[in-house]
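>>> One predicted model, sequence on top.
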Amino acid sequence: MSDQKELAQRRRDRLRFQLRRNAIGRPRLSVFRSGKHIYAQVIDDAAGRTLAAASSLDRALREALKTGADKSAAAAVGKLVAERAIAAGVAEVVFDRGSYLYHGRVKALAEAAREGGLAF
C-alpha cells in the first residue's frame, strides 16, 4: 500500500514541478477527487492563498445533484469554480490534475471549467 502512495506522490511532485516551470505567474486550478465527492481550488502559489473554490458539497450543488461522485457533479463543480474564479479576477490558470489521469471526472471538470470561461 505504501508503494502505491509513494508512486502517486512522485507523479504529483513531477506534475507540480512542470506546472511551476510553465505557469509564468498564473494561478493553478487544483483538483481533488474522493470516492464520494470532487473538489476544485484556484490557488495563487506566489501569495500562498486560495482565490476561488468549489466542491460537490456546496449547498447549491448538493441539492441539485444526485451524487457527488459522477461526471455530472464534476461538470457542475467545474462551472461553479470557473464562475467564482472569474469573479475573483482570474481568467487564465494552469490545470493541476494531481496524480489523477486526465480521464472521467477530472476531464469533465476541466472541460466544464473551460466552458465556464477559464483558459488553460
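Received the coordinates, thanks.

>>> now the strands for this protein?
Assigned by DSSP state E, the chain shows strands spanning 28-33, 38-44, 49-55, 94-96.

>>> strands paired with the second one, and their directions?
Meaning strand 38-44. Strand 38-44 has its sheet partners listed here by DSSP bridges as strand 28-33 (antiparallel), strand 49-55 (antiparallel).

>>> Mind pulling up the pLDDT for Asp70?
In this model, Asp70 is scored at 96, pLDDT.

>>> Return the residues in contact with it.
By Cβ atoms under 8 Å, 6 or more residues apart in numbering, Asp70 lies in contact with Arg105. All C-beta spots, glycine's among them, are computed from the backbone N, C-alpha and C.

>>> Look up how far Lys66 lies from the most centrally placed residue in the chain.
A centroid search over the chain (Cα atoms, centre = their mean) returns Val31, at 2.9 Å, as the residue closest to the centre. Val31 sits 21 Å away from Lys66 when distances are taken as Cβ to Cβ, to the nearest Å.

>>> what do you get for Lys36?
On the measure of Cβ to Cβ, Lys36 and Lys66 end up 12 Å apart.

>>> What is the neighbour count of Glu92?
13 (other Cβ atoms under 10 Å).

>>> for the nearest residue in space to it that is not next to it in sequence, what are its contacts?
Once flanking residues are discounted, Glu92 sits nearest to Ala119: 4.7 Å by Cβ to Cβ, 6 or more residues apart in numbering. Applying Cβ under 8 Å, 6+ apart, one finds that Ala119 lies in contact with 91-93.

>>> now do Ala40
29-32, 53-55, 77-78, 81, 109, 113.

>>> Bridging across strands, which residues link to it?
Assigned bridge partners for Ala40, using DSSP bridges, are Val31, Ala54.
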